[in-house]
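1. structure for this input, please:
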Amino acid sequence: MENPTEFVQWLRSVAPYVHAFRNKTFVVAFPGELVMAGALPVLAHDLSLLHALGIKVVIVHGSRPQVAEQLALRNVPGRFVNGVRITDTAAMECAKEAAGELRLDIEAAFSQGLPNTPMAHAAIRLISGNFITSRPLGVIDGIDYELTGVVRKIAADTIHQILASGNLVMLSPLGFSPTGETFNLTMEEVALNAAMALHADKLIFITETPMMSDAAGVEIHELSSHQAEAVLKAGFLPADTAFYLQHAIKACNNGVPRAHIIPFAQDGSTLLELFTHDGVGTMISHVNLESLRQATVEDVGGIIKLIEPLEADGTLVKRGRELIEREIEYFSVIEHDQVIFGCAALYPFDEEKMGEMACLTVNPEVQAQGDGQRLLIHIENLARARGYTKLFVLTTRTAHWFIKRGFVPASVDDLPKDRQHMYNWQRKSLVLIKNL
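-> Alright, predicted model coming up:
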């Protein structure tokens, strides 16, 4: 191993996600294009790793290119209206054949056990069956969609039992009616309905589409469902991307906390999206994931993890756990998806109408994203709300950052009397004050 330290730091950084995801249910859907691109074995490795981490995984596969291939072999043209396939008897036979072949390919991928691969020593069972009840889409605007169907019900109780027994579940884009008919469904609709019925924690689309971008070409990493609806309405997204986003929004508006749209072109994209702060796809959530809020005792561990490296190199004064617990009411934190990425404290000096901002810290991985500025503004607003006229900081390393934001150099004599008595003359921190 070239750099053991980096590996250890990386492993520690993913630990909060591992804890957060254990025993959660993820519905992971991917198109037939992923299989045709030869990416199925790698995806099986990555999903097996999620399973090994205690995540309950439901897989939904698409089959559009495989159905098109079967139709071409029979010289039968495919028929579409508004992007929806009209499934006649010939197309239905092709859909069945494609689904059967894909099912075998996927089962084979999850049966790998080669040494030195993520599947080594894994005995994963993939269970599929008649879990989807469906009905015909019917006649719309005079068009009979024949054997194209829509989901009526997902056998959620049965699927939960299978997941609870340590197995994975696979759903194909086919459904069955109580009269014994088979209907052709879209992968996106099956995944959406499965996520809603199972009360899944995440709906994940691993797509053939590139990273979602706004009208100016800037990548979109995160949207609330309201923002996503505005993006959809603006009409600049390609049709395939818009179709995925439409289903992601519907999931978030119907009880699924998070939906992800992740391009499969990048190796390991699913793991990168789930276990890194910024990810490599687009995450849609019903609420804004990032919150800047008052700290609680439950946040002490996260705060300590943030400030320990800065205490070690002398940037911050050492604070023991007990001290932080006692003073937690003074702290604010920036939390992203249940992981703390920044903190700051406001210590009161009511008599002089002054406040001290201390312990301003942001995770190095996200320091370029403006969280330090957001924390500063938040602390300034808290100070103003308390009627303070001045905010001061003591710093040995970051004076320039504060000066750029309106703080001016001052002396120890300008501090509140109580703070003058506590000044550490060995550290010789610079005193900076800002008028509010």
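
2. low-confidence ranges in the stretch 251-400 of the chain?
-> Residue ranges of the stretch 251-400 of the chain with pLDDT under 70: 287-290, 367-368.

3. can we see that at 80?
-> Filtered on pLDDT under 80, the stretch 251-400 of the chain yields the residue ranges 277-278, 286-291, 314, 336-338, 365-370.

4. in PDB, list the C-alpha atoms belonging to the helix or strand harbouring residue 72.
-> Using DSSP states H and E, residue 72 sits within helix 64-73. Taking Å, rounded to 0.1, in the frame of the first residue of the first chain, the C-alpha atoms of helix 64-73 are listed here in PDB:
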ATOM      1  CA  ARG A  64     -35.300  -1.500 -23.400                       C
ATOM      2  CA  PRO A  65     -32.200  -2.100 -25.600                       C
ATOM      3  CA  GLN A  66     -32.600  -5.900 -25.100                       C
ATOM      4  CA  VAL A  67     -36.200  -5.800 -26.200                       C
ATOM      5  CA  ALA A  68     -35.300  -3.600 -29.200                       C
ATOM      6  CA  GLU A  69     -32.600  -6.200 -30.100                       C
ATOM      7  CA  GLN A  70     -35.100  -9.100 -29.900                       C
ATOM      8  CA  LEU A  71     -37.600  -7.100 -32.100                       C
ATOM      9  CA  ALA A  72     -34.900  -6.500 -34.600                       C
ATOM     10  CA  LEU A  73     -34.100 -10.200 -34.800                       C
END
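
5. return the set of buried residues in it.
-> Using 16 or more other C-beta atoms under 10 Å as the test for burial, helix 64-73 gives 64, 65, 66, 67, 68, 69, 70, 71. Using the backbone N, CA and C atoms, a C-beta is placed for each residue, glycine as well.

6. pull the longest helix from the protein.
-> Secondary structure of the chain per DSSP state H: the longest helix is helix 89-109.

7. so how far is the helix holding residue 72 off the chain centroid?
-> Relative to its chain's centre, helix 64-73 lies at 33 Å (C-alpha atoms, centre = their mean, to the nearest Å).

8. so how far is stretch 66-83 off the chain centroid?
-> 35 Å.

9. what does stretch 209-226 give?
-> Relative to its chain's centre, stretch 209-226 lies at 14 Å (C-alpha atoms, centre = their mean).

10. tell me the buried residues in that stretch?
-> 209, 211, 212, 220, 222, 223, 224, 225.

11. next step: these restricted to strands.
-> The strands in this structure, assigned by DSSP state E, contain 222, 223, 224 from the buried residues of stretch 209-226.

12. from residue 176, how far off is residue 125?
-> Distance check for residue 125 against residue 176: by C-beta to C-beta, to the nearest Å, it reads 22 Å.

13. the two: who's more crowded?
-> Comparing residue 125 with residue 176 by other C-beta atoms under 10 Å, the one with more neighbours is residue 176, at 16 against 13.

14. how near is that one to residue 423?
-> The gap separating residue 176 from residue 423 is 76 Å, by C-beta to C-beta.

15. next: residue 252.
-> Residue 252 is 51 Å from residue 423, by C-beta to C-beta.

16. my guess is residue 112 contacts residue 42, does it?
-> No: in this structure residue 112 lies outside contact range of residue 42 using C-beta atoms under 8 Å: 10.9 Å.

17. and the lengthiest strand in the chain, what does it pack against?
-> Identified as the longest strand of the chain according to DSSP E is strand 339-349. Identification of packing neighbours for strand 339-349 by 3 or more C-beta pairs under 8 Å, 6 or more residues apart in numbering; DSSP states H and E yields helix 4-21, helix 300-312, strand 331-336, strand 354-362, helix 371-385.

18. now do the strands in the stretch 51-200 of the chain.
-> Assigned by DSSP state E, counting those that start in this stretch, the stretch 51-200 of the chain shows strands spanning 56-61, 80-81, 84-85, 126-127, 132-136, 139-140, 143-144, 149-154, 168-171, 174-176, 182-184.

19. would you mind saying which of these lies nearest residue 100?
-> strand 174-176 (9.7 Å; C-beta to C-beta).

20. give me the mean pLDDT for that closest one.
-> For strand 174-176, mean pLDDT is 96.

21. name the helices or strands packed onto that strand?
-> Contacts defined by 3+ C-beta pairs under 8 Å, 6+ apart place strand 174-176 against helix 89-109, strand 132-136, strand 149-154, strand 182-184.

22. contacting residues around the shortest one?
-> Pointing back at strand 182-184 there. By C-beta atoms under 8 Å, 6 or more residues apart in numbering, the list of residues contacting strand 182-184 from outside reads 85, 87, 91-92, 95-96, 134-136, 147-150, 173-177.

23. filter these to the buried ones?
-> Neighbour counting by 16+ other C-beta under 10 Å classes 85, 87, 91-92, 95-96, 134-136, 147-150, 173-176 among the contacts of strand 182-184 as buried.

24. between the strands of the stretch 51-200 of the chain, which gets nearest to residue 374?
-> Closest of those to residue 374 is strand 56-61, at 35.2 Å (criterion: C-beta to C-beta).

25. how about that closest one: buried residues?
-> Across strand 56-61, burial judged by 16+ other C-beta under 10 Å covers 56, 57, 58, 59, 60, 61.
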